[in-house]
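1. Here you go, sequence then predicted model.
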Amino acid sequence: MTETLLVPPPSPVSPSAAAAPSTYRRLIALFESEEVPYRLLDHPPEGQTVRASELRGHDLSAAAKCMVVTVAGAATAPRHVLAVIPGDRRVRLKQLARACGGGKAQFADREVAEQLGAAVSGSITPFSFHPELSVVADSALFAERELYFNAARLDRSVAILAEDYRRLANPQVVTIT
């Protein structure tokens with residue numbers, strides 16, 4: 001694995017590049033525009049949280065595991081949320097449904113998850129770039145100083161401070177594990 005330390009300099013994004021950037025480019029542009037320090041970690045392609053964490057060399061609890069979930073309720077239309085939890089935990093779908101005002105929740109189909117997450121399964125980031133996908137983060141995620149996640153690529157990950165993630169993603173923070 002190679003690690004690249006980056007402290008982003010301010011860099012303008014051209015209008016043509018901003019029109020339809022890849023999720024990876026949008027993620028990096030977000031960090032740069034907000035002047036958030038980040039580290040890129042290259043590694044063999046891996047989408048499973050446990051294996052990716054081993055390759056990156058950090059505790060499993062510092063992995064930001066991301067799942068697209070469909071929440072439905074009798075009085076509300078189904079909606080999709082991006083559940084972000086520590087890598088060493090499991091999401092409690094009933095708790096997530098209640099936190100989102102629904103009666104039940106289930107994992108979204110892979111095709112829906114990849115469309116809304118704008119990345120292949122296993123590389124969905126803890127940020128939403130889709131207006132129909134809101135972010136819900138488990139409160140335990142913020143016990144870690146630094147968070148690691150795939151950067152919309154199976155062969156590259158990102159590390160950022162948890163406080164920077166919370167500020168940039170502005171998730172609804174609840175206990176869902």
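-> Yep, it's here.
2. Sheet partners, orientation included, of whichever strand or helix holds Val69?
-> Per DSSP states H and E, Val69 falls inside strand 64-72. Looking at strand 64-72 with DSSP bridges, its partner strands are strand 79-86 (antiparallel), strand 104-107 (antiparallel).
3. most tightly surrounded among these?
-> Most buried of the strands paired with strand 64-72 by mean neighbour count (mean count of other Cβ atoms under 10 Å) is strand 79-86; its value is a mean of 24. Any C-beta I mention is one placed from the backbone N, CA and C, and that applies to glycine too.
4. ok now it, how far from the chain's centre?
-> Taking Cα atoms, centre = their mean, to the nearest Å, one finds the center of strand 79-86 at 8 Å from the center of the full chain.
5. Quick one: name whatever helix or strand follows that strand.
-> Counting by DSSP H and E, the element after strand 79-86 in chain order, helix or strand, is helix 93-99.
6. so the residue nearest the centre of the chain, which of the three states?
-> Central residue of the chain (Cα atoms, centre = their mean): Pro126, 1.2 Å from the mean position. Following DSSP: H, G, I helix; E, B strand; the rest coil, we place Pro126 in the coil state.
7. Can you name the residues that contact it?
-> Neighbouring residues of Pro126 by Cβ atoms under 8 Å, 6 or more residues apart in numbering: 64, 66, 82, 84, 135, 137, 147, 149, 165, 169, 171.
8. what's the closest non-adjacent residue to the fifth one?
-> Counting by Cβ to Cβ, 6 or more residues apart in numbering, the nearest residue to Val135 once its immediate chain neighbours are dropped is Pro171, at 4.0 Å.
9. for the one you found, phi and psi?
-> Here is the backbone geometry of Pro171 (degrees, to the nearest 10): phi -80, psi 160.
10. And the pLDDT at it?
-> Looking at Pro171, its pLDDT reads 98.
11. what's the answer for Ala52, then?
-> Listed pLDDT for Ala52 reads 97.
12. Which of the residues in the strand holding Val69 are classified as buried?
-> Neighbour-count burial for strand 64-72, counted by 16 or more other Cβ atoms under 10 Å, picks out 64-71.
13. Which residue ranges of the protein form helices?
-> Per DSSP state H, the chain carries helices over the ranges 15-19, 23-33, 49-56, 93-99, 110-117, 162-169.
14. got those as TSV, with mean neighbour count and distance to Leu40 columns?
-> Below are these laid out as TSV (neighbours: other Cβ atoms under 10 Å; distance: least, Cβ to Cβ, whole Å):
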stretch	mean neighbour count	distance to Leu40
helix 15-19	9	19
helix 23-33	18	8
helix 49-56	18	11
helix 93-99	18	30
helix 110-117	17	19
helix 162-169	16	15
